[in-house]
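>>> Here is my input, please return the structure:
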Amino acid sequence: MAGVVLAAGIGAATSLIGGFIGGRKAKKAARQAAQERDRINGAIRAFEQNRQAVINPYSDVKSLAGLATDLSGEMSNPYADLGVATSAAEIKMEQTDLALAATLDNLQATGASAGGATALANAAAKSKKDVAADIEKQEAQNEKLAAQGEADLQAKQMAEKARIQGIQISEGGRAQMAQAQGEAFKFQAQEGRDQAKLDRLAAGLTQQNANIANANAAQAANTAAMIGGVGDIAGAVIGAGGFSGKSNDNIDTKTVKTN
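Down below sits the predicted model:
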């Protein structure tokens, strides 16, 4: 019977010692996990404080309206200064006067009649008039063609300037949009990396919280084992004392009966 009690005492002592050692290990593991948790929390706070600022990628976009200029001031009416072809009329009058003078001189020299002189003067005047009218017509036509050519040139120049302005505005807008999209892409790429790092830190924090919980549970289990070991030892001691008392009683009883 004493062997059974001794075995129970040894088992209880083993449970007590094991619970004590396990409890210390669990407590140390819980402390280390708490330290790691605090470190990760500090890293998360520091990371969030130094995280890139939210940006507006379109903040540098400027209006290109200044590139569009009013070209109406460069327009003109090439027909506004068309002149009257007076040179032909002046030539006509001069030539008519010369023709009449020459005719009169000829009539005076030949003694021709006045009717012949008049007829000759009329013929000369008509001839000169036709020549002058043709010259005048050519001058007017030349001025008209020159005005039309100037109008066409101005129209082409205005169209080219408008085209250049359109290209400048379009390319300027495209360049600004590309720059804004590039800034947005850079921000999103960095944001993705930052979020991935935060996710890893959060996963580590979750793991440390789980480690703390597991260590606390192990510590509680080892404490329970220690309490159980103390109880077993107490039970073994009590059991051993009870057995000795019962044997003494029996001896006493037998002794009395023998006597």
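
>>> only C-alpha atoms for contact and neighbour calcs from this point on.
OK.

>>> For stretch 47-63, give me every contacting residue.
176-177, 180-181, 183-184, 187, 191, 194 (Cα atoms under 8 Å, 6 or more residues apart in numbering).

>>> So what would you say the end-to-end distance of that stretch is?
Here the two ends of stretch 47-63 are set 37 Å apart, with distance taken as Cα to Cα, to the nearest Å.

>>> Flag every buried residue along that stretch.
Burial within stretch 47-63, assessed by neighbour count using 16 or more other Cα atoms under 10 Å, is assigned to Pro57.

>>> same deal with stretch 18-31?
Neighbour-count burial for stretch 18-31, with 16+ other Cα under 10 Å as criterion, is recorded at 18-27, 29-31.

>>> Provide the count of other residues in contact range of Met226.
Per other Cα atoms under 10 Å, the neighbour tally for Met226 reads 24.

>>> my read: it touches Gly22, true?
No - Met226 lies out of contact with Gly22 (Cα atoms under 8 Å); the separation is 9.6 Å.

>>> what about Gly18, helix or strand, and which?
Here Gly18 is covered by helix 2-49, with elements defined by DSSP states H and E.

>>> what does Ala53 give?
Using DSSP H and E, Ala53 is not contained in any helix or strand.

>>> mind checking pLDDT for it?
According to the per-residue confidence, Ala53 scores 86 in pLDDT.

>>> Same check on Gln195?
The predicted structure scores Gln195 at 91 on the pLDDT scale.

>>> name the element it belongs to?
When elements are assigned from DSSP H and E, Gln195 belongs to helix 114-258.

>>> What ranges in this protein fall below the confidence cut-off?
When the per-residue scores of the chain are filtered using pLDDT under 70, the ranges that remain are 1-13, 15-16, 79-131, 228-259.

>>> let's go with 50 and repeat that
Counting by pLDDT under 50, the ranges of the chain that qualify are 1, 4-5, 243-259.

>>> separation between Gly22 and Ala217?
Gly22 sits 11 Å away from Ala217, taking Cα to Cα as the criterion.

>>> make that Arg37, sorry
Counting by Cα to Cα, the gap between Arg37 and Ala217 amounts to 17 Å.

>>> For those two, indicate the residue with more neighbours.
Each of Arg37 and Ala217 had its neighbours counted (other Cα under 10 Å), and the higher figure belongs to Arg37 (22 against 16).

>>> can I assume that one is in contact with Ala202?
No - the pair Arg37 / Ala202 is not scored as a contact, 10.0 Å apart, by Cα under 8 Å.

>>> Quick check: the gap between Ser63 and Lys137.
Applying Cα to Cα, one obtains 54 Å for the distance of Ser63 from Lys137.

>>> now Glu171
51 Å.

>>> And Leu198, by the same measure?
90 Å.

>>> just Gln49 next, same as before
Going from Gln49 to Lys137 by Cα to Cα gives 88 Å.

>>> Repeat that for Leu145.
Leu145 sits 12 Å away from Lys137 when distances are taken as Cα to Cα.

>>> And Gln157, by the same measure?
Separation of Gln157 from Lys137 (Cα to Cα) stands at 30 Å.

>>> and what of Ala29?
Remark: distance between Ala29 and Lys137 (Cα to Cα) = 115 Å.

>>> for Ala175, same thing?
Computed as Cα to Cα, the Ala175 to Lys137 distance reads 57 Å.
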